[in-house]
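*Asks:* Sequence first, predicted coordinates after that:
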Amino acid sequence: MGIIKALRCRECNKEYSPRFLYVCEDCFGPLDVLYKFSNNITKQTFENRSDLTYWRYFEMLPIEHKENIVSLNGSITPLQKADNLGNKIGGLKNLYIKNDSVNPTFSFKDRPAGVAISKAKEMNLPAVGCASTGNLASATAAHASKAQLPCYIFAPFDLEHVKIAQALSYGAKFIAVDGTYDDANRLASVIGDSNGYGIVNINMRPYYVEGSKTLAFEVL
């Protein structure tokens, strides 16, 4: 399909062909996905679809082929009117909150993790993982399990077990790091780059961040 046009550096605007790359080779700036948008796609196109997951916005996401989608079939999340909060912060009569706690692993992290794992599958990466102390670990592990990919969670060794229990229940392996979250993040980066693993919030970040915007699509 060729949905992705290029990866562009946010700092120097250098463009790269779509591939497993997350920082500019010239200035080390972060890379963003550029799309080839079709003029035939409108808001009505999405609204007419029976798919009630965020994958109804497929043409706005960085996956080239639908067979690579890894979905836990979570429905579009509801907007809930927050009258009491609206009154408390200044008499707002039409304040709504997007409730992503109804997602499959109970947080908005299912959105970016789902897109990143789908891209890892499309790239035929051998394994995936993340540096996380909670919600992202669960979302990554759940999608990795669905994709049948090995999953590694990097976190400080003294992290409360309850924060990774859900991830472990999906079969993820816990890499306990003797240090802080930043240390876990650095180790995840080294292991990912050395082995070609897709670390969703590090070397898969150009694709990972694309999943978060689906929340706005649902509101608009």
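*Replies:* Nice, thanks for sending it over.

*Asks:* Against which helices or strands is the lengthiest helix in the chain packed?
*Replies:* Assignment by DSSP state H gives helix 181-195 as the longest helix of the chain. Applying 3 or more Cβ pairs under 8 Å, 6 or more residues apart in numbering; DSSP states H and E, one finds that helix 181-195 contacts strand 128-131, strand 151-156, strand 173-177, strand 198-199. Yep, even glycine has a C-beta here, placed from its N, CA and C like the rest.

*Asks:* okay if I get these as TSV plus distance to residue 30?
*Replies:* Output for the helices and strands packed on helix 181-195, formatted as TSV (distance: least, Cβ to Cβ, whole Å):
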stretch	distance to residue 30
strand 128-131	17
strand 151-156	20
strand 173-177	24
strand 198-199	15
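
*Asks:* and of these, who's closest to residue 218?
*Replies:* strand 128-131 (23.8 Å; Cβ to Cβ).

*Asks:* mind listing what's buried in that closest one?
*Replies:* Across strand 128-131, burial judged by 16 or more other Cβ atoms under 10 Å covers 128-131.

*Asks:* Name the nearest residue to residue 6, sequence neighbours excluded.
*Replies:* The shortest distance from residue 6 to any non-neighbouring residue, by Cβ to Cβ, 6 or more residues apart in numbering, is to residue 15 (4.2 Å).
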